[in-house]
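In: Show me how the following folds:
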Amino acid sequence: MQIKDSVFIITGGASGLGAATAAMLAQAGGKVVLADVQVGAGEKLAAELKGTFVKCDVTSEADGQAVVAAAKALGTLRGLINCAGVAPAMKTVGKDGAHPLELFQRVVNINLVGTFNMCRLAAEAIAQTEALEHGERGVMINTASVAAFDGQIGQAAYASSKAAVAGLTLPMARDLSRNGIRVMTIAPGIFETPMLLGMPAEVQDALGKMVPFPSRLGKPAEYAQLAKAIIENVMLNGETIRLDGAIRMQPK
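Out: Purely as a prediction, here's the structure:
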């Protein structure tokens, strides 16, 4: 899979892991479509990368179709990187009572249903492209989390939604094997995302020291580096890769 001149969709592309991945793809000669609900940041980054921004709620079929249409207008769609997601903290039973069902449903809807929605629409378009070497047509990379395996207190909704994304990887890869489309998932540990960077410096330092090596927060560029390796290596398929410095999360 060659990045140069190929079109890639990045959901959650206006900031954090998505923005770093979009920058990597553009630097490597790819054409990027940023799909995000953050209009100002998305349009600014798209202009810098000479890409396209589309306002997109990943749970919306119409929004997803608009993103795919924009990608096809740029050239041959070869990839999708799903970085959109939410991570609220709420205990199953807390001081105010039971975990709100609406919140649990919202997290699953964005993190899991939104991921599947974008995958199915992108895969349909990629399946119609001309096959490359090895019969490959494209690649899709989803984002889980180490919380999928080491969910902490307050992460019932988030961890289960990300575990489902990891569980989606192999069956979807098998589904799409006849179309020459690979499916991979990255499960990041504690990374420098906008949410974490908004925390006090001492909290960030404490979180970084939890990582065995290197003892620091992960950098979005390191996520993008792994995404690049996945895109370029045709044998990477149907697997979830932890990107976490060997951390195993404690209960809290």
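
In: Okay, strands next: where are they in the stretch 101-250 of the chain?
Out: 138-143, 181-188, 240-243 (DSSP state E, counting those that start in this stretch).

In: and Ile10, which of the three is it?
Out: strand (DSSP: H, G, I helix; E, B strand; the rest coil).

In: close enough to count as contact, it and Leu34?
Out: Yes: counting by Cβ atoms under 8 Å, Ile10 does reach Leu34; the two are 5.7 Å apart. In short, each C-beta sits where N, CA and C put it, glycine included.

In: got any residues that touch both of these two?
Out: Taking Cβ atoms under 8 Å, 6 or more residues apart in numbering as the criterion, Ile10 and Leu34 both touch Gly18, Ala22.

In: In a markdown table: the strands of the stretch 101-250 of the chain, plus mean pLDDT and mean neighbour count.
Out: A markdown table is the format used below for the strands of the stretch 101-250 of the chain (pLDDT from 0 to 100; neighbours: other Cβ atoms under 10 Å):
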| stretch | mean pLDDT | mean neighbour count |
| --- | --- | --- |
| strand 138-143 | 98 | 26 |
| strand 181-188 | 98 | 24 |
| strand 240-243 | 98 | 19 |
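
In: now those as CSV including distance to Ala47?
Out: Shown next, in CSV, are the strands of the stretch 101-250 of the chain (distance: least, Cβ to Cβ, whole Å):
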stretch, distance to Ala47
strand 138-143, 24
strand 181-188, 27
strand 240-243, 29
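
In: Which residues are in contact with Thr115?
Out: Val58, Asn82, Ala84, Asn142, Thr143, Val165, Leu168.

In: Which residue, other than its chain neighbours, is closest to it?
Out: Closest residue to Thr115 apart from its sequence neighbours, by Cβ to Cβ, 6 or more residues apart in numbering: Asn82 at 4.9 Å.

In: Report the contact partners of Ala19.
Out: Gly13, Ala41, Leu45, Pro220.

In: same deal with Gln152?
Out: Per Cβ under 8 Å, 6+ apart, neighbours of Gln152: Ala159, Met249, Gln250, Pro251, Lys252.

In: would TSV of those residues with neighbour count, distance to Asp175 and pLDDT be doable?
Out: Shown next, in TSV, are the contacts of Gln152 (neighbours: other Cβ atoms under 10 Å; distance: Cβ to Cβ, whole Å; pLDDT from 0 to 100):
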residue	neighbour count	distance to Asp175	pLDDT
Ala159	22	25	97
Met249	18	31	92
Gln250	9	36	91
Pro251	9	36	92
Lys252	7	37	86
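
In: Output these in TSV; the columns should cover distance to Met118.
Out: Formatted as TSV, the contacts of Gln152 follow (distance: Cβ to Cβ, whole Å):
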residue	distance to Met118
Ala159	21
Met249	27
Gln250	33
Pro251	32
Lys252	32
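
In: Where do the helices of the stretch 101-250 of the chain begin and end?
Out: 101-108, 114-126, 147-150, 156-176, 194-197, 201-209, 220-232 (DSSP state H, counting those that start in this stretch).

In: Pull out the buried residues from the first one.
Out: For helix 101-108, the neighbour count (16 or more other Cβ atoms under 10 Å) marks Phe104, Arg106, Val107, Val108 as buried.

In: Report the backbone C-alpha coordinates of it in CSV.
Out: Provided in CSV are the C-alpha atoms of helix 101-108 (Å, rounded to 0.1, in the frame of the first residue of the first chain):
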residue,chain,number,x,y,z
LEU,A,101,-28.3,4.5,30.8
GLU,A,102,-28.3,7.4,28.3
LEU,A,103,-24.6,8.1,28.9
PHE,A,104,-23.7,4.4,28.4
GLN,A,105,-25.7,4.3,25.2
ARG,A,106,-24.0,7.5,24.0
VAL,A,107,-20.5,6.2,24.6
VAL,A,108,-21.2,2.9,22.8
